[in-house]
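A.B. asks: Okay, sequence plus prediction incoming.
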Amino acid sequence: MAVPIVCEQHEDHSQQEQEKSAMVPEKEVVEYHPGLLILYSDGSFERPSDLDVPACADFDNSPNGVATRDVIIDGAQPGVWARIFLPRAALSLGRNSLPVVLHFHGGGFCIGSPSSAHIHRTCSRMASKSSCIWISLHYRLAPEHPLPAAYDDAFSALLWLRTQASLVIAQERVTDC
C-alpha cells in the first residue's frame, strides 16, 4: 500500500522566500545628479555617461577651434587615458614646442572624465584662450578604485608626459645636426 507523502518543506521554503523578499527593501534613488551620479538606497551607484562628448580631431567641426584626441597613457594601469586639446591658434605661433598643461579634473576622485561635457568644454575653452596644449587625465575613480589609485595614475601621467617631452627634445637634436 502506497502512503502519500505531503511535502510541507516545499511549502515552508516558498513561504521563507516570500518573507525574505518582503524584508529586502526596494532599490530607491537617494540622490540624483544628472550626468554625474545616481546613488541608490542599497549603497550602489551609477555614473551615467549620456553627456559624454566624443573626441574630434577636426579643427573646423569643434567648438573654439580646438582639436581633441584620446590617448592611452603608456605605463599606467588599464583604463587610464587622457584627452589632448590642441588649439588651432597654437599652431600659428611658429614654435617647435608649445606649453603643456596637465589637467586633473575635479569630482572628488569619484565622478568625471575628460569626455564629460562640462570638463570637455572647460578644457577646450582654456586651451583656446591660452594657446597651450591641454591634457586632461582620466584616472581610475573611487569607490571601485580607492585612493591612492588616482594619485598613482596622476604620477604615471606625469612620467608619461616627461617621456613624451624627452622624445621631442631628442628628435629636435637629431634634426638640428
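C.D. replies: Looks like it arrived, so ask away.
A.B. asks: in this structure, which spans are helices?
C.D. replies: Under the criterion DSSP state H, the chain contains helices at 8-23, 88-91, 117-130, 149-176.
A.B. asks: quick one: average confidence on the second one?
C.D. replies: If I follow you right, that is helix 88-91. Mean per-residue pLDDT for helix 88-91: 83.
A.B. asks: same check, this time on stretch 47-61
C.D. replies: pLDDT averaged over stretch 47-61 gives 83.
A.B. asks: before we move on, the earlier item: CSV for the helices of the chain, including mean neighbour count and distance to G79?
C.D. replies: C-beta here means a position set from N, CA and C on the backbone, and glycine is covered the same way. CSV is the format used below for those (neighbours: other CB atoms under 10 Å; distance: least, CB to CB, whole Å):
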stretch, mean neighbour count, distance to G79
helix 8-23, 9, 36
helix 88-91, 16, 29
helix 117-130, 18, 17
helix 149-176, 13, 9
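A.B. asks: Now the most centrally placed residue in the chain: closest residue in space that isn't a chain neighbour?
C.D. replies: When CA atoms, centre = their mean is applied to the chain, the residue found nearest the centroid is S113 (3.4 Å). Computed as CB to CB, 6 or more residues apart in numbering, the closest residue to S113 that is not its neighbour in sequence is H138, at 5.0 Å.
A.B. asks: Contact partners for that neighbour?
C.D. replies: G79, V80, W81, A82, R83, S113, P114, S115 (CB atoms under 8 Å, 6 or more residues apart in numbering).
A.B. asks: try 10 Å this time
C.D. replies: H138 makes contact with 70, 73, 79-83, 105, 112-116, 119, 153, 157, according to CB atoms under 10 Å, 6 or more residues apart in numbering.
A.B. asks: For the chain, which residues score under the pLDDT cut-off?
C.D. replies: Along the chain, segments meeting pLDDT under 70 span 1-25, 35, 50, 95-96, 177.
A.B. asks: ok, 50 please
C.D. replies: Within the chain, the stretches with pLDDT under 50 are 1-11.
A.B. asks: Just list the residues touching the residue nearest to the centre of the chain, thanks.
C.D. replies: By CB under 10 Å, 6+ apart, the contact list for S113 reads 47, 49, 51-53, 81, 83, 105, 107, 119-120, 136-139, 141.
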